[in-house]
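> Quick one, what's the 3D model for this:
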Amino acid sequence: MTTPQVGASSLTGGTAAASARPPAKYSMVPSEWKLELPDMGRTDNVDFGGCRRIEDAYERINYLGQGTYGDVFRAKDRETGEIVAVKRIKMETDNKEGFPITALREIKILSKLAASDEKINEELLRDNIIKLREIVRSDGHDSNNNKGSVYMVFDYMDHDMAGLLDRANREKASKLAPGKGGARSAEPPFAIGQVKRYMKQLFLGLALLQTPKNNILHRDLKNANLLVSNRGELKIADFGLARGVLQSKGGDEGVKDAPTNQKNLLMTNRVITLWYRPPELLMGADNYGKEVDMWSAGCIMAEILSGRPLFAGKDENSQMELICKVLGRPTEENMPGCTSLKGYTAMVAEHSAARSFPTQSKLAARLAELRIIDPLAVALLDNLLSLDPTKRMGAAAAAAHAWFSAEPKMFSLDQMPKYETSHELSMKKKRQAEQAFGPPGGGGSQMQQQHQGGTQYYNGGGGGGGGDTRQRRGGPPPGYGYGGSQGYGGSQQGYGGGSVGGYGGSQPSKPSWEREKR
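From the prediction side, this is the model:
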């Protein structure tokens, strides 16, 4: 493959890209592949003509999903036989800005991270970031207005964490006696040693983002964007909302003072899926740093330990209310600067439930409700879920926390269990089928779905019919595709579900890469 070229007018300072080109028949070598990202202006002169043709490089297996930012497919490398995930970057016909800047940003971030050789205790940090293999293209023809398409090729992963959680919760619930009335199983979804292995890998991946050389914010961490192999390897995906920031004054041990050097770098607070969004963003902060990702990591840790979301609000106001009822009312003492945030008055001072907000944190009590009582686990979560962003523990420090070396021991990769392919949308389709026809062998167990509408419960009907469906609005949207705001950087819903590998979508005998319909 050869390097995508960026025209001179789109480069900072107006200079043309002068990038080394890897051998034409090989995947992208990130250390040799440099794509200069335009800081402003149009991007309609980005030329990917030097890339391999997708028809020559990959055989399409099946359609996986479609979302706001692109279509996702499962494919096989024609030379090696390897299975990969391929995301077609959506180019709107009325797009006057040219190639999507979010896709360019993601390509640059992923290629930079893939070239890193940084380690912690001999652990190569880049191993916990999804690998962008290469960029490929298709020729233009009538079906795409003669423009052709551009594709991002990723490693294929067997699961995402949300799908694994859903499967585990369903399996635990199915073991309950029929007379339990659909009660939720109190048993945790995973063994503690298994959770430790997952969280260790998450923190190591985040540590790479947070090194002084990188200073990258992910800004959409959630279970849907943590991809897991059947070897137990976890990789952070979906860098569609990620961006680099100015270097903070904080030390490597944490993210203290992360926003200090960013006074002139204002960013949107409309990022991070609701259940994993920190309080400062809910109140409208537009000057923030790596600590927002650490809050999300804390919410993820609590959820995979318990099988239940820690803060499951239906909208921003209810999300803030849930946080305040657990961590206490934000004040200048426990969250300096909070009273100057534009949302403080409505969300805290004048909130209808403000009188019920405690003055002290009740996090330990909330975690006990979720059956998280290990003192070391509680201590780690307390350091991640601080109201004060400057007091949140950084990723490198979190990866070295005593919880990981305490009993029960963290699983090795050889000890990690294997599962049938589990992604959010494949599990969603199974739930829909069970709602319509009843779970196999009868049942009546209650199953939880996390999706754009919030938490949805299905009460199966004795092997035959549906039962009621109760839905709360809010919560994380579906998104286990390879991209954009969810998944690998493009698809809001990503993996389909169904016949091939649990993903779905019909499988034509000779599918076309440009075929728009399933």
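
> quick one: low-confidence parts of this structure?
Applying pLDDT under 70 to the chain flags residues 1-49, 65-70, 92-97, 143-146, 177-185, 247-265, 423-518.

> Specify the residue ranges that define each domain of it.
5-157, 160-319+367-415 (automatic domain parsing).

> out of those domains, deepest packed?
Most buried of these by mean neighbour count (mean count of other Cβ atoms under 10 Å) is domain 160-319+367-415; its value is a mean of 20. The C-beta positions use only the backbone N, C-alpha and C, and glycine is treated the same way.

> Just give me the longest helix of the chain.
Determined from DSSP state H, the single longest helix within the chain is helix 192-209.

> so what secondary structure elements neighbour it?
For helix 192-209, the packing partners by 3 or more Cβ pairs under 8 Å, 6 or more residues apart in numbering; DSSP states H and E come out as strand 226-228, strand 234-236, helix 291-306, helix 395-399.

> got the CA positions of the longest one in PDB?
Extracted as PDB, the C-alpha positions of helix 291-306 are listed here (Å, rounded to 0.1, in the frame of the first residue of the first chain):
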ATOM      1  CA  GLU A 291      -9.200  13.000  34.000                       C
ATOM      2  CA  VAL A 292     -12.500  12.600  32.000                       C
ATOM      3  CA  ASP A 293     -11.300   9.300  30.700                       C
ATOM      4  CA  MET A 294     -10.400   8.100  34.200                       C
ATOM      5  CA  TRP A 295     -14.000   8.800  35.400                       C
ATOM      6  CA  SER A 296     -15.300   6.700  32.500                       C
ATOM      7  CA  ALA A 297     -12.800   3.900  33.400                       C
ATOM      8  CA  GLY A 298     -14.100   3.900  37.000                       C
ATOM      9  CA  CYS A 299     -17.700   3.600  35.800                       C
ATOM     10  CA  ILE A 300     -16.600   0.700  33.500                       C
ATOM     11  CA  MET A 301     -14.800  -1.100  36.400                       C
ATOM     12  CA  ALA A 302     -17.800  -0.900  38.700                       C
ATOM     13  CA  GLU A 303     -20.100  -2.200  35.900                       C
ATOM     14  CA  ILE A 304     -18.000  -5.200  34.900                       C
ATOM     15  CA  LEU A 305     -17.500  -6.100  38.600                       C
ATOM     16  CA  SER A 306     -21.200  -6.000  39.300                       C
END
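
> quick one, that helix and helix 192-209 angle?
On the basis of axes from the mean of the first three to the mean of the last three Cα atoms, to 10 degrees, helix 291-306 is oriented at 170 degrees to helix 192-209.

> Going along the chain, name the helices of the stretch 251-400 of the chain.
In the stretch 251-400 of the chain, helices defined by DSSP state H, counting those that start in this stretch lie at 279-282, 291-306, 316-327, 344, 363-369, 375-384, 395-399, listed in chain order.

> The ones you listed: which one's closest to Arg170?
With distances scored as Cβ to Cβ, the stretch of these nearest to Arg170 is helix 291-306 (15.1 Å).

> Between helix 316-327 and that closest one, find me the angle.
If you take the same axes, to 10 degrees, helix 291-306 sits at 70 degrees to helix 316-327.

> Ala173 is nearest to which of the helices and strands packed on helix 192-209?
Per Cβ to Cβ, nearest to Ala173 of those: helix 291-306, 14.2 Å.

> quick one, that closest one and helix 375-384 angle?
Using the same axes, to 10 degrees: helix 291-306 against helix 375-384 is 150 degrees.

> What is the helix or strand hosting Arg170 packed up against?
Taking DSSP states H and E as the criterion, Arg170 maps to helix 161-174. With contacts taken as 3+ Cβ pairs under 8 Å, 6+ apart, helix 161-174 sits against strand 226-228, helix 291-306, helix 424-437, strand 446-451.

> please redo it, this time with the cut-off set to 10 Å
Based on contacts counted as 3 or more Cβ pairs under 10 Å, 6 or more residues apart in numbering; DSSP states H and E, the elements that helix 161-174 packs against are strand 159-160, helix 192-209, strand 226-228, helix 291-306, helix 424-437, strand 446-451.

> need the contact list for the closest residue to Ala353 other than its chain neighbours.
In space, and not counting its chain neighbours, Ala353 is closest to Glu321: 5.3 Å by Cβ to Cβ, 6 or more residues apart in numbering. Shown in contact with Glu321 (Cβ atoms under 10 Å, 6 or more residues apart in numbering): 311, 313, 315, 347-348, 351-354, 356-357.

> picking up where we left off before, helix 161-174 and the longest helix of the chain, what's the angle between them?
Helix 192-209 and helix 161-174 are oriented at 170 degrees to each other (the same axes, to 10 degrees).

> which is the next helix or strand following helix 192-209?
Immediately after helix 192-209, counting by DSSP H and E, sits strand 216-217.

> Quick check: can you name the pairing partners of that next one and their directions?
Applying DSSP bridges, strand 216-217 is found paired with strand 243-244 (antiparallel).

> What lies in contact with the strand it pairs with?
Applying Cβ under 10 Å, 6+ apart, the external contacts of strand 243-244 come out as 37, 102, 105-106, 108-109, 112, 209, 214-219, 265, 267-268, 271.

> Out of the domains of the chain, which is closest to Thr421?
domain 160-319+367-415 (8.1 Å).

> Need the helices of the stretch 251-400 of the chain in TSV (columns: distance to Asp56).
Converted to TSV, the helices of the stretch 251-400 of the chain look like this (distance: least, Cβ to Cβ, whole Å):
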stretch	distance to Asp56
helix 279-282	44
helix 291-306	39
helix 316-327	48
helix 344	57
helix 363-369	53
helix 375-384	47
helix 395-399	40
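
> hang on, the earlier thing: ok, of the contacts of Glu321, which one's closest to Pro375?
Closest to Pro375, out of all of the contacts of Glu321 and judged by Cβ to Cβ, is Phe311, at 21.9 Å.

> how many neighbours does the residue nearest to the closest one when sequence neighbours are not counted have?
Using Cβ to Cβ, 6+ apart and skipping the chain neighbours, the partner closest in space to Phe311 is Leu322 (4.5 Å). Around Leu322 there are 19 other residues, counting by other Cβ atoms under 10 Å.

> I'd say Leu322 and Trp275 touch.
Yes - using Cβ atoms under 10 Å, Leu322 is in contact with Trp275, at 9.4 Å.

> any residues in contact with both of the two?
By Cβ under 10 Å, 6+ apart, Leu322 and Trp275 have these common neighbours: 309-313.

> how about those, which pair is most distant?
So, the shared contacts of Leu322 and Trp275 by Cβ to Cβ: farthest apart are Leu310 and Gly313, at 10.6 Å.
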